[in-house]
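Trainee: The following block contains a protein sequence and its predicted model.
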Amino acid sequence: ENVTEQTPDPYEHEPQRNSQLIVHGDTPMNAEVPQGVITERYLTPNELFYIRHHHPVPYLSEGDLEEFRLEVDLTLMFPDALKKRKMAEGGGDNDEEEEEALPATTAVDIVRRETTDTTTSTSCSNSVVAKLSLEQIKSLPKVELTSTLQCSGNRRGGFNGLRQTSGTPWGQGAIST
């Protein structure tokens, strides 16, 4: 069972936050980096990374973690994957040129999913989806990439002097690298 659904307060299990963050709301948590920290160093310390949430942080039981599967649609990465899968399952011979196939894997469930056009209730396309467990995700090769993330509302609060805006009145700290 999902632990979050069992508690009357879905924010009961929120992680502890750094007290230097400028908090705009704590249910859900929205907090920005203090102005001095942004230019203090190139990389924002993890504990001071800006936070923009729309919901509580998920709190999952051990059973939830074991049952969790991340579904990744591979259709665009491997457009011929569905055809290759059908052939691998004995669906016909391939007399055509060698086509791109799914990467070799033994531990990942790859399934065919038929999607439905909700306006007409008719089948409209097929996709190939990889289902990864949390353990499988953790076993993937690690890659480090330095990037900057910014909330689209960054510096919104500054506009309130000109005309009232809607949304969180962020200063300049809804950005982190």
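Mentor: That came through fine.
Trainee: Leaving out sequence neighbours, find the closest residue to the residue most central in space within the chain.
Mentor: Nearest to the geometric centre of the chain sits residue 70, at 9.7 Å (C-alpha atoms, centre = their mean). Of all residues not flanking residue 70 in the chain, residue 132 sits nearest, at 4.7 Å (C-beta to C-beta, 6 or more residues apart in numbering). Backbone N, C-alpha and C define where each C-beta goes, glycine included.
Trainee: how near is residue 133 to residue 68?
Mentor: Separation of residue 133 from residue 68 (C-beta to C-beta, to the nearest Å): 7 Å.
Trainee: List the contacts of the residue nearest to the centre of the chain.
Mentor: 131-132, 134, 137 (C-beta atoms under 8 Å, 6 or more residues apart in numbering).
Trainee: What count of nearby residues applies to the closest residue to residue 159 other than its chain neighbours?
Mentor: Among residues not flanking residue 159 along the chain, residue 165 sits closest, at 5.0 Å (C-beta to C-beta, 6+ apart). By the measure other C-beta atoms under 10 Å, the count of residues near residue 165 is 13.
Trainee: show me where this protein has helices.
Mentor: Secondary structure of the chain, counting by DSSP state H: helices at 3-6, 35-40, 62-67, 81-88, 134-139, 156-159.
Trainee: rank the ones you listed by pLDDT, which is bottom?
Mentor: Looking at the helices of the chain, the lowest mean pLDDT belongs to helix 3-6 (a mean of 56).
Trainee: circling back to that earlier point, the residue nearest to residue 70 reaches residue 138, doesn't it?
Mentor: No. Residue 132 lies out of contact with residue 138 (C-beta atoms under 8 Å); the separation is 9.7 Å.
Trainee: More neighbours: which of these two?
Mentor: Comparing residue 132 with residue 138 by other C-beta under 10 Å, the one with more neighbours is residue 132, at 18 against 9.
Trainee: so how far is residue 72 from the more buried one?
Mentor: Using C-beta to C-beta, one gets 7 Å for the distance from residue 132 to residue 72.
Trainee: How about residue 161?
Mentor: For residue 161, the distance to residue 72 - C-beta to C-beta - is 44 Å.
Trainee: Show me which of these two is the more surrounded one.
Mentor: Each of residue 161 and residue 72 has its neighbours counted (other C-beta under 10 Å); residue 72 has more, 14 against 7.
Trainee: Please enumerate the strands of the protein.
Mentor: Taking DSSP state E, the strands of the chain run over residues 22-26, 29-32, 51-52, 70-73, 109-117, 122-132, 149-150, 175-176.
Trainee: worst average pLDDT in those strands?
Mentor: The minimum mean pLDDT among these belongs to strand 109-117 (a mean of 61).
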